[in-house]
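In: any chance you can model this:
(chains A, B and C)
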Amino acid sequence: MSEDVANGTSHRPADARWRRWYEALTTTRLTQLGAGLVCALFALAVFGPIVSPYDPTAQALSHRLEAPSLAHPLGTDQLGRDVLTRLLHGARLSLGIAIAVTAVRLSLGTAVGLVAGYVGGWVDEALMRLVDTLLAFPGIVLALVIAGILGPSLTNVMVALAVVGWASYARLVRSSVLSVREREFVTASRLLGRSRAHVLGRHLIPNVVAPVVVLATLDVGGVILGTAGLSFLGLGAQPPTPEWGTMLASGRNHLRTAWWLVNAPGVLIMLTVFGFNLLGDGLRVVLSPTQSAHIEQL
Amino acid sequence: MTNELLRVEDLHTHFDSDRGTVHAVDGVSFGVNRGEIVGLVGESGSGKSVTARSIIRLEDPGRIVSGRISFDGRDLTRADEATLRRVRGEDISIVFQDPHETLNPVFPVREQIAEAVRIHDEDHSQGLLDFLGVPPFRNRTAWKRAEERAVELMEQVAIPDPTGSANEYPHEFSGGMRQRAMLAVAVASDPDLLIADEPTTALDTTTQAGILRQIRRLRDQRDLGVLLISHDIGVIAQTCDKVVVMYGGRVMEAGPVEDVLTEPKHPYTRALLECSPRTLDRGDRVRTPAGSPPDVIGGHDGCPFADRCDLATTDCRSGDIPVIEHAPGHRVACIETPVQSREGPTATGGRVNGNRVAPDGGDDE
Amino acid sequence: MLVLVGVSVLTFSMTALTPGDPAVAVLVEQTGHQPSEEAVAAFRAQHGLNEPFPIRYADWATDVLGGDLGQSYSSEQTVASMLVQRLPNTIELAAASMVIAIAIAVPAGVASAVNPGGRIDYAAQFGALVGVSMPNFWLGYLLIIVAALWLDLFPVAGSGGLDHLVLPAVTLGSGMSAVIARLVRTTMLDVLDAPYIRTARSKGLRERIVVYKHALRNALVPVVTIAGLQLSYVLNGAVVVEAVFQRPGLGTLLVDAIFARDYPVIQGATLLVGVIFVLTNLAVDLTYRYLDPRIDRRGEPA
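Out: Next up, the predicted model:
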């Protein structure tokens, strides 16, 4: 019995937690919509490029700037390439990048948060100062400068975004750590002689998982926007890479004549981010009701 | 202008909750006359506060399902919002318990009192921009007058150094002073009826006495009718002329204070008196009536006190309980209580009329 | 204060840490082909790039404090003059966007809070979520297509008069309003539950005054804080929106400088952003103290 007290868990912890997640995903209609959108996008990203008959980079100058038709459901761009195919390839890119960058941010931020929360003292102070500054400072501007200096390329954009955006994870994890640290079962656990690492693994991590997942979901949308934005400015993916932001940028000269060039990527970006936001919001409502919304600007 | 200011007739106020409909007020009737202080006493959950809020029609999120509330002959239960707004402040004012934030923390105290004056000024217009203080729209003279009146009122409720403290914010006032300020707000618009909902519960005993004295003084000066709500029967005994005892959303007993408190007819009233710290001798333990507060979901068939009452019979648990008038003005809703008057509860407790009072030693407040 | 120093060190070191020789990079940009050895050496000597890092930083820092932000690599002007030239445009955009954002967000948030769960609330929240999900550069083009090309109401690009300001400000402002509206809604919902609201109603106050005087004033306190910090959003957005509408401003200056490898300008602009950011925080702090009388006026040092 005292074991249970020290573990701070009830009899069926694993079941209860999976239940919660499942409920979170399926309860609200909006969350379902979000989940649905995200799944659809993943499906498109994975299968779309395989199914499509066109080559995203093959130019066909005789078919330039064609309006949407049966052959080209979203038309062709200024070099005759099929827009839909490019978008599908772009989906792969965007989702892949978003996940990668979010993963790095998450890891970096969690590590910092754990250290700050657990060690405390001046380390905590210093780290939190850094975090606060990073959080408040305009992220895109910073990422812009970093990416610009490193050189315009998709990889550099990814690096820049990762470096600039880990701060909110750090803050979140730190506050979770602080709240759990003081609870009785942790003290009980320590009294029983468990090592710090054990305490960390058993108690802190489970408590942190839920809000971090919510944050990550919402963050993915932000990363997609950031990548697209920086690519739009010319700093990210370079032509002919079919990144959504780059595609939108190259379409800007044809607003009057080939408006689909700009709108197709735009709509897709919006739908993707919207899906993740809905999903994240829904998860947040169920999984961490005390956490305030953290729709980041980056 | 009649002498009876307020008449509540068979009021039923319900709340919808996840577990069912809560019958917070389940058939309450009483009246308040001009110049009279009527006390409404009962445990928490008895429906006293909801009754108070129903009177000024701020019962939201509850709703009044039946019954009638009339003020000075006018029906408040079916009145429209515009009429009610006039009535609030001008005819009936309410003072709430002061946990912390009954006064708006971002405005100085004087302005909040002045606002109460301004609302019921001659023109009754309440212009939005005027009240927001936007310079071209603000009626400077009217507000200046109102603020001077506010200082006068603060003096009347015995707030020390009214001119100085007028500019202070609520958080700079002590609990007792805040309550006095609330009284000033309440009487600023010259109401005829004042409802005081647990005005002293959050205060220490000395401050309590001061506030109660202040209420009595206001009643004397202005011939107000007062409805004083409290769970502390001692407060009622000190201040009120008449008392209404509530339990489970219903009136158990009502009548002149001396009658009801010296010769309580209803078992619940007796239990309350038994348990009040003030009736105990030094060294006695504080007791609470046996049992727990009634479940108010769905109302009661029969008497709500039946489960905790030693005199209860099967007749008590179903059907309507008639209201018997023992003496002029002294009504009881009980069928088992003996009709002749008996001695009051003895200070040492023990058995009274077969009522045993559980010595659990704890205070449930 | 510390922040500024940090930012300046950061930007300065970034330019120094770039892979490859900055001199080469710049010259390549300028001339279009690989520069000769002598050209590189001359460039380095001319711009003091041969000194060790700390000395370069110290030099630069002292220059900055004296008001000299250096000379642009790619144009003839000094960095300072370029910044001064472009700043007003961006400030104009920022201010206009803020105004639009507040004008949309506050009524929407209040309307939502007064009737939570109602149709207006639902619509507003949905709209806010869409607004936050939409890339601002796309919104800009959308507006251009509709307002400028189809309806021919506003000019498409450039800066100048009020009509050049409208579309960019709406683009930027609507994104901000999404965030602010949500905040207003949450705070108002909280506030409307407070005891003093019931007191206000019991005085016989009109509901409109209860909401707009008693409730809103209390809700404003946290909202102002967050809104002030929205400055980050504005600066982020300005970079992109200026590009979309081809408005000369800090954003376009920064982007152009980055492509041109114009390091002094990059440093200067970033520093300026940092300064603005610190100043705004200070201003928000002061306003917050003024709005909430419960905060001890003495407070703690920044």
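
In: and C:Val223, what is it in contact with?
Out: C:Ile180, C:Leu183, C:Val184, C:Thr187 (Cβ atoms under 8 Å, 6 or more residues apart in numbering or on different chains). The way it works is simple: take the backbone N, C-alpha and C, and place the C-beta from them, glycine included.

In: low-confidence stretches in the stretch 151-298 of chain A?
Out: Along the stretch 151-298 of chain A, the parts satisfying pLDDT under 70 run over A:183-191, A:193-204, A:287-298.

In: switch to 80 and redo it
Out: In the predicted model of the stretch 151-298 of chain A, residues A:151, A:177-208, A:210, A:236-240, A:253-259, A:282, A:284-298 satisfy pLDDT under 80.

In: for chain C, same thing?
Out: Of all residues in chain C, those with pLDDT under 80 make up the ranges C:1-82, C:117, C:147-164, C:221-233, C:260-302.

In: what residues does it put near chain B?
Out: Residues of chain C lying near chain B by Cβ under 8 Å from any Cβ of the partner chain: C:194-196, C:198-206, C:208-209, C:212-214, C:217-218, C:221, C:291-294.

In: can you flag the buried ones in the residues you listed?
Out: Burial by neighbour count, 16 or more other Cβ atoms under 10 Å in any protein chain shown: within these this picks out C:194-196, C:198-206, C:209, C:212-214, C:217-218, C:221, C:291-293.

In: which ones among those residues are found in helices?
Out: Those of those mapping onto helices are C:Pro195, C:Tyr196, C:Arg198, C:Thr199, C:Ala200, C:Arg201, C:Ser202, C:Ile209, C:Arg217, C:Asn218, C:Val221, C:Leu291, per DSSP state H.

In: how about the helices in the stretch 51-200 of chain A?
Out: Residue ranges of the helices in the stretch 51-200 of chain A, as given by DSSP state H, counting those that start in this stretch, are A:83-119, A:121-136, A:139-150, A:154-164, A:167-181, A:184-191, A:196-199.

In: what helices and strands are in contact with the longest one?
Out: Applying 3 or more Cβ pairs under 8 Å, 6 or more residues apart in numbering or on different chains; DSSP states H and E, we find helix A:83-119 packed against helix A:29-51, helix A:121-136, helix A:154-164, helix A:167-181, helix A:205-232, helix A:244-250, helix A:260-287.

In: from those, which stretch is densest packed?
Out: Of these, the one with the most neighbours on average (mean count of other Cβ atoms under 10 Å in any protein chain shown) is helix A:244-250, at a mean of 26.

In: output the one helix or strand B:Tyr268 maps to as CSV, nothing but the C-alphas.
Out: Per DSSP states H and E: B:Tyr268 is located in helix B:267-275. What follows is helix B:267-275, C-alpha atoms only, in CSV (Å, rounded to 0.1, in the frame of the first residue of the first chain):
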residue,chain,number,x,y,z
PRO,B,267,-38.6,21.7,16.7
TYR,B,268,-36.1,23.2,14.4
THR,B,269,-36.2,26.6,16.0
ARG,B,270,-35.6,24.9,19.3
ALA,B,271,-32.6,23.0,17.9
LEU,B,272,-31.2,26.2,16.5
LEU,B,273,-31.5,27.9,19.9
GLU,B,274,-30.0,24.9,21.7
CYS,B,275,-27.0,25.0,19.4
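
In: next helix or strand past that helix?
Out: Using DSSP H and E, the helix or strand that follows helix B:267-275 in sequence is helix B:314-317.

In: just flag the most distant two among the ones in helices among the buried ones among the residues of chain C next to chain B.
Out: The largest separation in these, counting by Cβ to Cβ, is between C:Ser202 and C:Leu291 at 25.4 Å.

In: show me the shaky parts of the stretch 201-350 of chain B.
Out: B:201-202, B:274-329, B:333-350.

In: the strands in chain B, which residues?
Out: Along chain B, counting by DSSP state E, strands occupy B:4-17, B:20-33, B:37-41, B:63-71, B:74-75, B:92-95, B:193-197, B:225-230, B:242-247, B:250-256, B:324-327, B:330-332.

In: and the average pLDDT for the second one is what?
Out: Averaging pLDDT along strand B:20-33 gives 86.

In: number of residues surrounding the closest residue to chain B within the stretch 1-150 of chain C?
Out: Nearest residue of the stretch 1-150 of chain C to chain B: C:Pro116, at 12.2 Å (Cβ to the nearest Cβ). Other residues near C:Pro116 come to 14 when the count uses other Cβ atoms under 10 Å in any protein chain shown.

In: now the nearest residue to it once chain neighbours are set aside: which helix or strand?
Out: Ranked by Cβ to Cβ, 6 or more residues apart in numbering or on different chains and with sequence neighbours excluded, the top spatial neighbour of C:Pro116 is C:Leu189, at 6.2 Å. Here C:Leu189 sits within helix C:162-192, counting by DSSP H and E.

In: please name every helix or strand in contact with that helix.
Out: Partner elements for helix C:162-192 (3+ Cβ pairs under 8 Å, 6+ apart): helix C:79-114, helix C:119-133, helix C:136-143, helix C:216-229, helix C:231-245.

In: could you check the angle helix C:79-114 makes with that helix?
Out: Here helix C:162-192 points in a direction 40 degrees away from that of helix C:79-114 (axes from the mean of the first three to the mean of the last three Cα atoms, to 10 degrees).

In: spatially central residue for chain A, please.
Out: Nearest to the mean C-alpha position of chain A, by Cα atoms, centre = their mean, lies A:Val220 at 1.5 Å.

In: for that residue, what are its contacts?
Out: Here A:Val220 is in contact with A:Ala98, A:Ile99, A:Thr102, A:Phe276, A:Gly280 (criterion: Cβ under 8 Å, 6+ apart).

In: if I pick the third one, what's in contact with it?
Out: A:Thr102 makes contact with A:Ala216, A:Asp219, A:Val220, A:Val223, according to Cβ under 8 Å, 6+ apart.

In: what's the pLDDT at it?
Out: Note on A:Thr102: pLDDT of 93.

In: measure it to chain C for me?
Out: Using Cβ to the nearest Cβ, to the nearest Å, A:Thr102 is found at 16 Å from chain C.

In: A:Leu70 versus that residue, what's the distance?
Out: The gap separating A:Thr102 from A:Leu70 is 38 Å, by Cβ to Cβ, to the nearest Å.

In: do the same with the second one
Out: Taking Cβ to Cβ as the criterion, A:Ile99 is separated from A:Leu70 by 34 Å.

In: next one: B:Gly45
Out: With distances taken as Cβ to Cβ, B:Gly45 is found 71 Å from A:Leu70.

In: out of the two, which sits in the more crowded spot?
Out: B:Gly45 (20 against 5).

In: hang on, the earlier thing: dump the helices and strands packed on helix C:162-192 to a markdown table, plus distance to B:Asp310.
Out: Output for those, formatted as a markdown table (distance: least, Cβ to Cβ, whole Å):
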| stretch | distance to B:Asp310 |
| --- | --- |
| helix C:79-114 | 51 |
| helix C:119-133 | 53 |
| helix C:136-143 | 75 |
| helix C:216-229 | 51 |
| helix C:231-245 | 69 |
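
In: out of those, which is the most enclosed?
Out: Comparing those by mean neighbour count (mean count of other Cβ under 10 Å), helix C:231-245 comes out on top with a mean of 26.

In: hmm, who's touching the following helix or strand past it?
Out: Later in the chain than helix C:231-245, the nearest helix or strand by DSSP H and E is helix C:250-259. For helix C:250-259, contacts defined as Cβ under 8 Å, 6+ apart pick out A:141, A:144-145, A:148-149, A:152, A:233-235, C:29, C:72, C:74, C:82-83, C:86-87, C:89-90, C:235, C:238-243, C:246, C:262-263, C:265-266, C:269-270, C:272-273.

In: do you know how far the residue sitting furthest away from the middle of chain B is from chain C?
Out: Residue farthest from the centre of chain B, counting by Cα atoms, centre = their mean, is B:Pro136 at 41.6 Å. Applying Cβ to the nearest Cβ, the value for B:Pro136 to chain C is 17 Å.

In: now swap in B:Ser318 and tell me
Out: As judged by Cβ to the nearest Cβ, B:Ser318 and chain C stand 38 Å apart.
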